[in-house]
Structures are given as C-alpha cells and as structure tokens.
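A.B. asks: Just to be clear, the model below is a prediction. Sequence and coordinates:
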Amino acid sequence: MKNIHSSTPITVTFQPIKTFKFLLYFIVGLTLANVLVRVIDGLFENIPEIFIRLFNTDKEQNIPTLFSGFLLLFCSIMLYNIYKFNKDTRYSRHWKALSIIFLLMSIDETLSFHETLQYFIKNILNINTSGFLYFAWVIPGAAFVLVFIVCYLGFIKNLPPRFKRLFLIAGTLYVTGTLFLELFAGYIVDPTTTHDFEF
C-alpha cells in the first residue's frame, strides 16, 4: 500500500492468530456481560433499562451491535483495499461491490435499518407475515442472498482453493447466523404460533 503523498510504500501486516484471539476474547467478554445483565435483571427489581439494554445481545443499537458494525466496517475497508490492488483484474468490480455491501451491512447493523424494512413490508405493503416469516425482512434478505450467489459463482470458482474454502465457510456461517436463525426466532416469538417451550 502506498502513501499518496510519498513514493515510500506503507506495509500493513495482520497476524491471523493474534487477530482471531483478540476478537474471540472480545466476543467471550460480550457474551459473559450479556449473561450477567440478564441474571441481574432476573434477580433484582428496578434495574435501569438502559443498563440491561447496554449489553443485551437480543437488543439493537448497543455495545454488541456496535462491535458487529465495527467488524463489518473493517471488512469493508479491507475489501476496498483488495479492490484497489486488483483494478485491472477480471473480478475487480466484484471486490468493490463486496466492499460496498459490507459497508451497507455495517450501517444497517449499527442503525437497524432492517427494522424499517420490516415496518414497510408489514404496514405500507400490508403484507401479514407470521411463523418463520414473522420478521418480514428475511424475505428480501433471502432474495438478496440468492441473487448474490448467482452473481458471484464465477468469482468464487476463480478464487485460490484455500481462500475459496474460507470464503464459503465464512459466508455460510454469516448467512446462517443472520438469516436462518432469524427464521426460527420469528417462529418462536410469533404469538400466533404454538410450541412446547418458552423463553
């Protein structure tokens, strides 16, 4: 990477193991904080809602969502740098598009725009969704994933084997966590569905 004001190259080095450990420790810390505030909320009365919401991973616009938004923004920046160094390659536009997609996901994770999309579907379009589709944003979300897969088939096939494997694993984990688990969450919280367990 080169400084635009100098011909001296700037080297940015990431150590995967150390980065993974740092993120893992942070995630474990947030998970423990989430458990702690839920226990405190269950044991004591009159606990300020702002305190419980701050680390509750089931809520939006708090420390866990800011952390997720930061990770997505970091990915966006890295993808844009990959694009800059591969401008003359066949799939340069795919790298740039990925950078933009991750930037938009970072903004959504931080500001919860998908909640507005859900309101639009249910109240403006007057589409009544229930069960697994209770959270209506999963419908356009699933459509986007399908379009993405079709558009990126060639891109994925041309990745080096190791990166192709990591790309597919990461993508599968992310889509499973954000989309498919949301389907089951919708079924659980929908008051019109019946199930044998409570939360």
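C.D. replies: Sure, I can see it. Residues are numbered from 1 along each chain as shown.

A.B. asks: Next secondary structure after the helix or strand of the chain with the lowest mean pLDDT?
C.D. replies: Every helix and strand in the chain was compared by mean pLDDT, DSSP states H and E; the lowest is helix 113-119, with a mean of 79. Of the helices and strands lying after helix 113-119 in sequence (DSSP states H and E), the nearest is helix 138-151.

A.B. asks: mind listing what's buried in that next one?
C.D. replies: Neighbour counts over helix 138-151 (16 or more other CB atoms under 10 Å) mark 138, 141, 145 as buried. Using the backbone N, CA and C atoms, a C-beta is placed for each residue, glycine as well.

A.B. asks: Can you lay out those residues as TSV showing distance to Cys75 and pLDDT?
C.D. replies: Shown next, in TSV, are the buried residues of helix 138-151 (distance: CB to CB, whole Å; pLDDT from 0 to 100):
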residue	distance to Cys75	pLDDT
Val138	22	88
Gly141	18	90
Val145	17	94
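
A.B. asks: Specify which member of those residues is nearest to Tyr187.
C.D. replies: Nearest to Tyr187 among the buried residues of helix 138-151 is Val138, at 11.1 Å by CB to CB.

A.B. asks: Was I right to think the closest one contacts Leu183?
C.D. replies: Yes - between Val138 and Leu183 a contact is recorded at 5.9 Å, counting by CB atoms under 8 Å.

A.B. asks: Need the residues touching each of the two.
C.D. replies: Phe132 (CB atoms under 8 Å, 6 or more residues apart in numbering).

A.B. asks: Show me what the lengthiest helix in the chain packs onto, helices and strands only.
C.D. replies: Identified as the longest helix of the chain according to DSSP state H is helix 16-43. With contacts taken as 3 or more CB pairs under 8 Å, 6 or more residues apart in numbering; DSSP states H and E, helix 16-43 sits against helix 49-55, helix 63-84.

A.B. asks: Lowest average confidence across the ones you listed, which one?
C.D. replies: Mean pLDDT per stretch puts helix 49-55 lowest among the helices and strands packed on helix 16-43, at a mean of 87.
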